[in-house]
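> From the sequence below, what's the structure:
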Amino acid sequence: MTRIRRVHIAIRGAVQGVGFRPFVYRLATDLHLTGWVMNSSQGVFAEAEGNEDAIEQFLLRIEREKPPRSFIQSLEYTHLDPEGFSSFKIRASNGQGERSALILPDIATCPDCLADINDPSNRRYRYPFTNCTNCGPRFTIIHALPYDRPNTSMKEFTMCEACREEYEDPANRRFHAQPNACPVCGPHVELWDATGACLALRDDAIDRAVKSIRDGRILAVKGLGGFHLMVDARNQDAVLRLRERKHREEKPLALLMLALDHVKALCQVSPLEERLLHSPEAPIVLLAKKRRNGLELLREDVAPGVAPDNPYLGVMLPYTPLHHILAAATGFPLVATSGNMTDEPICTDEREATARLGAIADLFLVHNRPIIRYVDDSVVRVMMGRELVMRRARGYAPLPVAISSRMSDTIAVGAHLKNTVAVSNGQNIFVSQHIGDLDTPQSLESFRSTLKDLLSLFDVHPTRVIADLHPDYRSTQEAQASGLPLSTVQHHHAHIASCMAENQLEGAVLGVAWDGTGLGPDGTIWGGEFLRCTPSTFHRVASFRTFPLPGSEHAVKEPRRAALGLLHEMMGNAVFDDVTVPPVSAFTPAELTTLRRMLKQGINSPLTSSAGRLFDAVASLTGLRQRMSFEGQAAMEMEFSVAAVASTDETYSLPTLIAAPGKDSSHLIIDWAPVIMQILNDRQHGIPTGMMSARFHNTLAEVVVQVAQQMGERRVVLSGGCFQNRYLTERTVMRLEQEGYRAYWHQRVPPNDGGIALGQLYAAGVRL
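As a prediction, this is how the structure comes out:
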């Protein structure tokens, strides 16, 4: 006799907004089970009743056949007495209790919905807000858990009869698709002028917007998580006008391209890069421009002003129906850069956009679906056969990083540049979307609202706040003003801890943290650090020899100043006698007089061990770059210059390792002076810049191996902004592995300061 069983199931993880309830419903009815399924603040709960074999199949198939964008953190079930259900139903959601369900990031348009918007006979033909359970907005439209329409910005739009029928049909892919809509009942687009006056609606608005781009005008487009500024990427005048109005001199601009074959006409695309372009995350992917005989292939498809002096293009494929429609209607590459003034957060509201972007954009293509939170485009590059996220936002946030130990509710406020914030909830650390540099009132307000939003969304009630040591970071000042008990984590320890958390590492490692700036406990500027770390502790075992930065913050933007400080550390005032050295010739005699006095007297010339500033100095010494218009420009050009030479293993003589003066004899100093002397000699003898750069990069990789051999730790963790450099990272990993070490680097959390908040929580949480 077949036994009837009832089972209660609690499924936790990313199981809302992915069609999980419809999947459970179809699976249960296919197995002739009765019962119910519903969303809750903790995940998806279900009860199923039927014969024993069917119940067993049900439990096995949930995990095996779950929707592709979902992931299950835990599936717990309890056997109960039969209830006598008559059918299987989707029950109303339960929003009570602790909020522990995960919110899915926004998902790129699926092939089925793309087919709908491209089909003239379909009622959603060219409809910019088409979606289903397999795609569409999630994080940018949700107010609160559980993920139901009343908790989203779609609550303002009542479904028409046709959409309601789809929503209630278990056989339809829009069955319980919360943002479901159509032209009859859903949001619509409008074209505005710079004053906010409406010029056109719906299809006419799109057609006129496309014409404006063709005419060389700048169009501000309200997208999924904020505004883009769009121009014809072929039009050099339009591109330069956008740069001038946006105050963005040379930093590369992202491209939106219709299809993969268009991308392949311009760029080299590996299978992994192709997968990333087509992935549901749909990030901006850094792709190498096509070259022949070492020279870039010049094409009319992209103006030189899009990515000047850069061998890479940042490319994304359309990820919303509106992007697909615009890209198809224009038929050429579009610049699609963030809708903001440089250093400000992107705009999300149309009235705010006309106020803040009115001096940049000529026209505004807007819509009436509110954006709950701004989310910028993510930026990714492929390194060592893996994706490396350099800016973590749309498609990735707010999925958590899971850790092995349970933490109390805690906030981490991150760094000052490339800021993100993070909160802990049990064994999950939720890292916010990219916020940016905290240099403007607008960005600081975004910092506050993003933190408040994370706390509310994940029901976190913090008992402590974690910040950086640096008292001048706006994030640290905000933490001090919070009223919560404050703990600090040193900047470079946080870098290593973030990489350890992502790679699920415990115990001791050798951490290599190379970046531009971070305050050390000794009050000096660190940045070229070797740390023996556990998640909660660190000991500084080696660092680069320090040198002064004349002008302090000015030196961060002027490699010539870093180079002058470096040379002054080596040879004193004699550096000013040789005007053939690039950093010396880059200044006027009057400027050199001032700099000589600053360096001699130590005025506004803080000492640093920064690897980032060492890169800047070498870029200046080789003649590559004396001033920068954006952060990291000189180091990027150092990396790019290596491509101009054939592959080489040549290095400079390894720097000397000497014991640091003072009590701590275990701290080694890496003296770069011999390397700098060889670079100066190479330049004097006309060695190509690319070869000098390759030798310098190779030498740095050997330094990591050299210190690893001194320290004895077999696991080496690489973090900090310098390890965004593909050549440096790949060379270092290769050499470590050749010598028998296990190397770890970042993948889905940035190695730059965008990962600091995660590291702060992991380090302080374990310590506390």
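> what secondary structure does the closest residue to Val556 other than its chain neighbours sit in?
Leaving aside its sequence neighbours, Val556 sits nearest to Gly516 (CB to CB, 6 or more residues apart in numbering; 6.8 Å). C-betas here are computed from N, CA, C, even on glycine. Following DSSP: H, G, I helix; E, B strand; the rest coil, Gly516 is assigned to strand.
> same deal with Leu657?
Look at Leu657: counting by three-state DSSP, its state is strand.
> can I assume it is in contact with Gln706?
Yes: judged on CB atoms under 8 Å, Leu657 makes contact with Gln706 at a distance of 6.9 Å.
> neighbour count winner among the two?
More crowded of Leu657 and Gln706, by other CB atoms under 10 Å: Gln706, with 19 against 14.
> and the gap between Thr622 and Thr651?
From Thr622 across to Thr651, the span is 16 Å (CB to CB, to the nearest Å).
> More neighbours: which of those two?
More neighbours surround Thr622 than the other of Thr622 and Thr651, with 27 against 18 (other CB under 10 Å).
> residue ranges with poor pLDDT in the stretch 151-300 of the chain?
For the stretch 151-300 of the chain, applying pLDDT under 70 flags the ranges 292-299.
> before we move on, the earlier item: and the residue nearest to Val556, how many neighbours?
Using other CB under 10 Å: Gly516 sits among 23 other residues.
> Now that we're looking at it, what pLDDT does it have?
Predicted confidence (pLDDT) at Gly516: the value is 94.
> can you check Gln504 too?
90.
> thinking it is in contact with Ser404, fair?
Yes: at 7.2 Å, Gln504 counts as touching Ser404 under the criterion of CB under 8 Å.
> Tell me the spatial nearest neighbour of Gln678, not counting adjacent residues.
Tyr652 (4.6 Å).
> Would you map the helices across the stretch 351-500 of the chain?
Taking DSSP state H, counting those that start in this stretch to define them, one finds helices in the stretch 351-500 of the chain at 441-457, 474-480, 491-502.
> now the last one, how far from the centre of its chain.
Relative to its chain's centre, helix 491-502 lies at 16 Å (CA atoms, centre = their mean, to the nearest Å).
> helices and strands around it, which ones?
Where contact means 3 or more CB pairs under 8 Å, 6 or more residues apart in numbering; DSSP states H and E, helix 491-502 is packed against strand 401-412, strand 509-519, strand 525-533, strand 538-544, strand 715-719, helix 756-767.
> and of those, who's closest to Asp362?
The minimum distance between Asp362 and the helices and strands packed on helix 491-502 falls on strand 509-519, with 36.7 Å, by CB to CB.
> now the closest residue to His493 other than its chain neighbours, which residues is it bridged with?
Excluding the flanking residues, the one nearest His493 by CB to CB, 6+ apart is Phe538, at 4.3 Å. Beta-bridge pairing of Phe538 under DSSP bridges involves Cys533.
> so Phe538 makes contact with Phe530?
No: with contacts counted by CB under 8 Å, Phe538 stays clear of Phe530, the gap being 10.2 Å.
> residues in contact with Ala307?
The neighbourhood of Ala307, defined by CB atoms under 8 Å, 6 or more residues apart in numbering, consists of 252-253, 289, 313-314.
> Also Leu718?
499, 512, 704, 729, 732-733, 743-746, 751 are the contacts of Leu718 under CB under 8 Å, 6+ apart.
> for the longest helix along the chain, the distance to its chain's centre please.
Ranked by residue count, the top helix of the chain under DSSP state H comes out as helix 689-711. Distance of helix 689-711 from its chain centroid, counting by CA atoms, centre = their mean, is 27 Å.
> in that helix, what counts as buried?
689-708, 711 (16 or more other CB atoms under 10 Å).
> repeat for stretch 510-524
By neighbour count on 16+ other CB under 10 Å, the buried set for stretch 510-524 is 510-520.
> Any chance of a markdown table for these, columns distance to Pro559?
As requested, these are exported to a markdown table (distance: CB to CB, whole Å):
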| residue | distance to Pro559 |
| --- | --- |
| Leu510 | 29 |
| Gly511 | 26 |
| Val512 | 23 |
| Ala513 | 21 |
| Trp514 | 16 |
| Asp515 | 16 |
| Gly516 | 12 |
| Thr517 | 15 |
| Gly518 | 19 |
| Leu519 | 22 |
| Gly520 | 23 |
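> quick one: which of those residues is nearest Arg613?
Nearest member of the buried residues of stretch 510-524 to Arg613, counting by CB to CB, is Gly516, at 6.6 Å.
> how is the protein carved up into domains?
Using automatic domain parsing, the domains assigned to the chain come out as 4-90, 189-367, 389-490+754-767.
> Can you say which of those is packed in most?
Most buried of the domains of the chain by mean neighbour count (mean count of other CB atoms under 10 Å) is domain 389-490+754-767; its value is a mean of 22.
> Dump stretch 619-636 to PDB, restricted to CA.
C-alpha atoms of stretch 619-636 as PDB (Å, rounded to 0.1, in the frame of the first residue of the first chain):
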ATOM      1  CA  ALA A 619      56.000  56.300 -15.900                       C
ATOM      2  CA  SER A 620      57.500  59.800 -15.500                       C
ATOM      3  CA  LEU A 621      61.100  58.600 -15.700                       C
ATOM      4  CA  THR A 622      60.500  56.700 -19.000                       C
ATOM      5  CA  GLY A 623      58.800  59.700 -20.500                       C
ATOM      6  CA  LEU A 624      55.400  58.100 -20.700                       C
ATOM      7  CA  ARG A 625      53.300  60.500 -18.500                       C
ATOM      8  CA  GLN A 626      54.000  63.600 -16.400                       C
ATOM      9  CA  ARG A 627      50.400  64.600 -15.500                       C
ATOM     10  CA  MET A 628      47.300  62.500 -15.100                       C
ATOM     11  CA  SER A 629      43.700  63.500 -15.900                       C
ATOM     12  CA  PHE A 630      42.200  60.500 -14.000                       C
ATOM     13  CA  GLU A 631      43.300  58.100 -11.300                       C
ATOM     14  CA  GLY A 632      45.600  55.300 -12.400                       C
ATOM     15  CA  GLN A 633      46.300  56.700 -15.900                       C
ATOM     16  CA  ALA A 634      50.100  56.500 -15.700                       C
ATOM     17  CA  ALA A 635      50.100  52.900 -14.300                       C
ATOM     18  CA  MET A 636      47.600  51.900 -17.100                       C
END
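> from what I can see Ala28 touches Glu49, true?
No: the pair formed by Ala28 and Glu49 falls short of the contact definition of CB under 8 Å, at 9.4 Å.
> Find the residues that touch each one of these two.
34-35.
> returning to that earlier point: relative orientation of the longest helix of the chain and strand 525-533 in degrees?
Orientation check (axes from the mean of the first three to the mean of the last three CA atoms, to 10 degrees): helix 689-711 against strand 525-533 gives 40 degrees.
> picking that back up, what's near enough to touch the residue nearest to Val556?
Gly516 touches 527, 556, 610, 612-613, 631-632, 721, counting by CB under 8 Å, 6+ apart.
> what would those residues look like in JSON lines with pLDDT, distance to Ala220 and neighbour count?
Shown next, in JSON lines, are these (pLDDT from 0 to 100; distance: CB to CB, whole Å; neighbours: other CB atoms under 10 Å):
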{"residue": "Gly527", "pLDDT": "97", "distance to Ala220": "38", "neighbour count": "27"}
{"residue": "Val556", "pLDDT": "92", "distance to Ala220": "31", "neighbour count": "20"}
{"residue": "Ser610", "pLDDT": "97", "distance to Ala220": "38", "neighbour count": "29"}
{"residue": "Gly612", "pLDDT": "97", "distance to Ala220": "34", "neighbour count": "24"}
{"residue": "Arg613", "pLDDT": "97", "distance to Ala220": "37", "neighbour count": "29"}
{"residue": "Glu631", "pLDDT": "91", "distance to Ala220": "25", "neighbour count": "18"}
{"residue": "Gly632", "pLDDT": "93", "distance to Ala220": "27", "neighbour count": "20"}
{"residue": "Gly721", "pLDDT": "97", "distance to Ala220": "30", "neighbour count": "28"}
